[in-house]
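[1] Mind looking at a prediction? Sequence and model below.
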Amino acid sequence: MRCKNMFLVIAAMLFTHMATAQEGLPIYTDYLTDNYYLIHPSMAGAANCAKIRMTARQQWFGQDDAPKLLTVSVNGRIGETSSAVGGILYTDKNGYHSQTGAYATYAHHIMFSRSPVDLNMLSFGLSAGIIQYRLDETSFLFDGPDPIIDGIVQSETNLNMDFGFSYQFLDFYAHGTVKNLLKNAGINDDPNITSNLRRYLLSVGGVFGGYGSDWSYEPSIMLQYRDATKEGGIDINAKVYKQMEFGKIWGGVSYRRSSDGAEYLTNENTVTSQKLQQITPIVGVNMNNFMVAYTYTYQANSLVFTNGGFHQFTLGYNFGCRKEPYHCNCPAVN
C-alpha cells in the first residue's frame, strides 16, 4: 500500500505542469498577460513601447516546498532603429530542485509596409542564457549508502540559446521558437533528461473587433513539442478587451492539454492513465502606462497532488512609447 501511495504522488507531480526540471524558464500561461517576450525572443521590442514585466507564481498554497517562480523582464527598441534588446531574470524552485537564470536577447524587425501605420512586420530574435541548476540532497532520507545519492547540494551552470521568429500582419500574428538549442549537462547524467532539452513552440492568433467598437476579441493557440521525449501539448486561448476612458480592461481563459499520458495504479489495482489538463482564467487592466494581471490555474485531472490551484500576479510598466501606433487591433504590439 505504501508503494502504491508513493506512486500516486509521483504520478500526480508529473502532471502538475509540462515544464520539467532543468529546462530553463518554465512555460506557463504568463505569456497571455501581455508577455509574449517570455517565450518568444523575436517579440523583444516588437511593441510600440518598451516594456517591463514582473511575475510571481505560487503553486499549492500551504504545501511545504511547493513550486514557485519569479521573473523580471524588460525589452525595447534601440532608439529609432529596427533593432531591439531584452533581458530576463528568473528563479524557479520545485521541492529539492531549483534553478536561477539570466537571458539576454537581440531582435531585429523588418517592415514590409510602406509606413508603420499598416502593420506588416517580420521579426527574428536570439536569446542566450546562463542557468544555474541546484539539487539539494542534504535532507534526503535513505538507509545506508546509496550510489545515486551524494547527500550534498549539487550545482551546475550551463549556457543555452533560444531562436525564434514572429510575423505580424494587420490584426494577425504567428510566432515560432526553438528553445534550448545547445546540449545541456544539467546535474545528472541521464542523457534522456539532459542531453537534448530542445523544445519547439508555435503560436498563432488574431484580434477581431468592429470598426469604432470598444470591444475586441482575441482567439489564439500555442503548440509545444519536446524533441527528446516526443511529448506534445496545446494551449487553446480566448481573450476579450474593453476600451475604457482610463485605459483598457481585459480577461480570458486558457485550456492546456498534453498529447501524451502516464499510467498509474488505482486503489482497485487497475492500471489507468491520464493526460495533463489545466484551465486558466485571466483578468487584467491597463491604466495609462501601468498593467496589472492575475491568473489562476485549475488542475482538471482526476489525480492531482492537491486540490489547490496555481496563483500568478503580473505587474507591468510601459515606457519610451513612440507617438504613432499601428492601425490594428494588436495589443501585443500597440
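    Yep, it's here.

[2] quick one, what contacts Ser73?
    Listed by C-beta atoms under 8 Å, 6 or more residues apart in numbering, the contact set of Ser73 reads Asn35, Tyr37, Leu38, Lys51, Ile52, Arg53, Met54, Gly86, Gly87, Ile88, Leu89. For every residue, glycine as well, the C-beta is placed using N, CA and C.

[3] secondary structure element for it?
    Assessed by DSSP states H and E, Ser73 sits inside strand 68-77.

[4] Provide the strand pairings for that strand, with the direction of each partner.
    Using DSSP bridges, strand 68-77 pairs in its sheet with strand 50-59 (antiparallel), strand 83-94 (antiparallel).

[5] Just put the ones you listed in JSON lines and tack on distance to Lys275, mean neighbour count and mean pLDDT.
    Listed next are the strands paired with strand 68-77 as JSON lines, based on distance: least, C-beta to C-beta, whole Å; neighbours: other C-beta atoms under 10 Å; pLDDT from 0 to 100:
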{"stretch": "strand 50-59", "distance to Lys275": "19", "mean neighbour count": "20", "mean pLDDT": "91"}
{"stretch": "strand 83-94", "distance to Lys275": "21", "mean neighbour count": "19", "mean pLDDT": "93"}
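
[6] Dump those strands into CSV; add distance to Glu245 as well.
    Converted to CSV, those look like this (distance: least, C-beta to C-beta, whole Å):
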stretch, distance to Glu245
strand 50-59, 23
strand 83-94, 31
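
[7] Of all these, which one is nearest Ile249?
    Nearest of those to Ile249, taken as C-beta to C-beta: strand 50-59 at 18.0 Å.

[8] returning to what we had before: in the strand holding Ser73, what's buried?
    By 16 or more other C-beta atoms under 10 Å, the buried positions in strand 68-77 come out as Lys68, Leu69, Thr71, Ser73, Val74, Asn75, Gly76, Arg77.

[9] Can you name the residues bridging to the fourth one?
    By that I understand Ser73. Under the criterion used (DSSP bridges), Ser73 bridges to Arg53, Ile88.

[10] how close does it sit to Asp34?
    To Asp34, Ser73 is 11 Å away according to C-beta to C-beta, to the nearest Å.

[11] what do you get for the last one?
    Distance check for Arg77 against Asp34: by C-beta to C-beta, it reads 17 Å.

[12] Please apply the same query to the first one.
    Taking C-beta to C-beta as the measure, Lys68 and Asp34 are separated by 22 Å.

[13] ok, which stretches of the protein are helices?
    Assigned by DSSP state H, the chain shows helices spanning 2-14, 191-194.

[14] rank those by pLDDT, which is bottom?
    With a mean of 40, helix 2-14 has the lowest mean pLDDT of those.

[15] Below-threshold pLDDT in the stretch 1-150 of the chain: ranges please.
    Where the stretch 1-150 of the chain drops to pLDDT under 70, the residues are 1-23, 60-66, 139-148, 150.

[16] hmm, 50 instead?
    The stretch 1-150 of the chain contains residues with pLDDT under 50 at 1-21.

[17] next one: the stretch 151-300 of the chain
    Using pLDDT under 50, nothing in the stretch 151-300 of the chain is flagged.

[18] quick one, strands of it?
    Taking DSSP state E, counting those that start in this stretch, the strands of the stretch 151-300 of the chain run over residues 153-169, 172-179, 199-206, 215-226, 231-243, 247-265, 271-287, 290-299.

[19] name the helices or strands packed onto the second one?
    Here strand 172-179 touches strand 153-169, strand 199-206, going by 3 or more C-beta pairs under 8 Å, 6 or more residues apart in numbering; DSSP states H and E.

[20] so Leu32 sits right up against Thr295, yeah?
    Yes. Shown here, Leu32 and Thr295 form a contact pair, counting by C-beta atoms under 8 Å, at 7.4 Å.

[21] Tell me the residues that contact both of those two, please.
    Thr280, Ile282.
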